[in-house]
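Student: Turn this into a model:
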Amino acid sequence: MDLTAHFTKILERERKYQEPEEVEIAEDLNYFLIWVPLGRRDSRGASLSGSNSNIPAPNNTLQTILTKSKLQGLDIVDLEALSGSHTMGKTRCVSFRQRLYNQSGNEHPDYALDLRNSVLTA
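Tutor: Predicted coordinates for the structure are as follows:
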């Protein structure tokens with residue numbers, strides 16, 4: 001869509017109904033438009049399989065999450081910032097709780113990290 005042509009049509013239509021001084025103001029507003037490139041800058045295409053293999057899943061173990069983060073050029077500090085919305089011990093997120101209790105990846109509770117009593121139930 002050509003936005004310049006679109007806004008020009010709007011201004012021309014408004015000229016018919018507005019007083020001359022109001023049209024001049026509308027024309028002046030055209031100088032304040034800021035043109036920005038459209039589209040994604042991180043990729044030329046989207047890939048569901050690429051996303052599923054590169055982005056950590058909610059049920060990934062901590063080691064898998066760290067590995068996938070490193071492959072994307074992120075370190076542990078970046079991972080902490082991205083995970084900051086889930087406050088450990090006070091979350092209601094079912095996916096995060098599953099990862100918290102499954103550190104060994106065998107679907108059994110990790111009793112060394114038994115924080116079940118301090119996590120709120122959903």
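Student: Any regions of this protein where pLDDT drops low?
Tutor: Applying pLDDT under 70 to the chain picks out residues 1-3, 15-43, 84-122.
Student: again, only this time at 90
Tutor: Within the chain, the segments meeting pLDDT under 90 span 1-65, 68-69, 71-72, 75-122.
Student: Show me which parts of stretch 44-59 are buried, residue by residue.
Tutor: Pro56 (16 or more other C-beta atoms under 10 Å). For glycine as for every other residue, the C-beta is placed from the backbone atoms N, C-alpha and C.
Student: tell me the domain boundaries of this protein?
Tutor: Per automatic domain parsing, the structural domains of the chain span 3-32, 50-118.
Student: so which strand or helix has Lys70?
Tutor: Using DSSP states H and E, Lys70 sits in helix 62-71.
Student: Arg44 now?
Tutor: Arg44 belongs to no helix or strand when elements are defined using DSSP H and E.
Student: For Ser49, give its distance to Leu71.
Tutor: According to C-beta to C-beta, to the nearest Å, Ser49 and Leu71 sit 15 Å apart.
Student: now Asn59, what's its secondary structure?
Tutor: Put simply, Asn59 is coil when judged by DSSP: H, G, I helix; E, B strand; the rest coil.
Student: cool, Thr4 as well?
Tutor: From three-state DSSP, the assignment for Thr4 is helix.
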